[in-house]
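Undergrad: sequence isn't available, so here's the structure alone:
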């Protein structure tokens, strides 16, 4: 494989999931903080791949992280799309607003969206709690408490977080 | 392949993209309107696959709709994730609100979100206009005018919409 460089922000779960995938696969990945431009972007030689889940897929193709069965492979993608549509905009956004921006600095419109995103984020966590899967979902779930979500309410998620953290090659977020 | 049934709503672009993928591949797909439950869900024999882009991927695996090159394959997924994260929540939501719910029936909070979603939807269309790709993006783009977007402002999108509509096997949305 060509040289791999991750243009990233260490606080971002979208960046962390790429670092975690590379670590689990023991792939050499140079992480470079990019404080102004778009993140994450995976650089493969001289080509650039944005979108965290596309980058994870690129790294994991041909490995045991992607199921060999056609239905199971599509079902894994299902959870990766779920992550970007139902999970990230709620669970990651509230974490960013509450833990990094600070509630006092939010605009009125952002503050008005907290209850809707809280409910949608809880729905996403409850749905995950019933069907656990892709590493994409690990990144923002394991730091969801920073967004005011109570992870102990989701017992399957808690045991799954422990199982992921026990994988050989696991790396923490920061 | 096992029997394919699409549980769908004919007005939904997320459902249409699955019907369009099946039509382009000449795969037999039974469409069944599901007015109460979750849509779209692709039923493959006795197994169920939610998430429109995962269903498109399942149908298209092994066909010329998915590039053989590893980077290009991941780059296609990149646009499919972009579609669910940046395009659908803005372009499809405004179409749904304005063309199906009706502006007068929106809640105050929904109405307050129109300008933000309009700007984010225009950003997504402008980004697409520079890099065109996946069929996932066709579904809600070609009906974006129903959400108040001016498609003639994006000339590459307009020619691409014409190219997609000229593909052998193309089916219209309704």
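TA: Received the coordinates, thanks. Quick caveat: nothing in here was measured; it's all calculated off a predicted structure.
Undergrad: elements contacting the helix or strand where residue A:158 lies?
TA: In this structure, residue A:158 is located in helix A:155-165 according to DSSP states H and E. Contact analysis of helix A:155-165 by 3 or more Cβ pairs under 8 Å, 6 or more residues apart in numbering or on different chains; DSSP states H and E lists helix A:108-130, helix A:136-141 as its packing neighbours. The C-beta positions use only the backbone N, C-alpha and C, and glycine is treated the same way.
Undergrad: so which of those helices is the most surrounded?
TA: helix A:136-141 (a mean of 26; mean count of other Cβ atoms under 10 Å in any protein chain shown).
Undergrad: any bit of stretch A:59-70 sitting next to chain B?
TA: Yes: using Cβ under 8 Å from any Cβ of the partner chain, stretch A:59-70 reaches chain B at A:61, A:70.
Undergrad: buried residues of that stretch, list them for me.
TA: By neighbour count with 16 or more other Cβ atoms under 10 Å in any protein chain shown, stretch A:59-70 contains the buried residues A:59-60, A:65.
Undergrad: among the residues you listed, name the ones in helices.
TA: A:59-60 (DSSP state H).
Undergrad: tell me the one among the buried residues of stretch A:59-70 nearest to chain B.
TA: Closest approach between these and chain B, by Cβ to the nearest Cβ: residue A:59, at 8.9 Å.
Undergrad: so what's that closest one closest to, chain neighbours aside?
TA: In space, residue A:59 comes closest to residue A:21 once its chain neighbours are excluded; the distance is 5.0 Å by Cβ to Cβ, 6 or more residues apart in numbering or on different chains.
Undergrad: element containing the one you found?
TA: helix A:13-24.
Undergrad: what's the angle from that helix to helix A:155-165?
TA: If you take axes from the mean of the first three to the mean of the last three Cα atoms, to 10 degrees, helix A:13-24 sits at 50 degrees to helix A:155-165.
Undergrad: buried ones in the following helix or strand past helix A:13-24?
TA: Sequence order places strand A:30-33 as the next helix or strand after helix A:13-24, per DSSP H and E. Residues of strand A:30-33 classed as buried by neighbour count (16+ other Cβ under 10 Å): residue A:31.
Undergrad: strand partners (parallel or antiparallel) of strand A:30-33?
TA: strand A:4-8 (parallel) (DSSP bridges).
Undergrad: what's next to the strand it pairs with, contact-wise?
TA: Residues outside strand A:4-8 that contact it (Cβ atoms under 8 Å, 6 or more residues apart in numbering or on different chains): A:15, A:18-19, A:22, A:27-34, A:37-44, A:55, A:59.
Undergrad: make a ChimeraX selection of the buried ones in the residues you listed.
TA: The ChimeraX command for the buried members of the contacts of strand A:4-8 (criterion: 16+ other Cβ under 10 Å) is given here:
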select /A:15,18,19,22,29,31,39,40,41,42,43,44,55,59
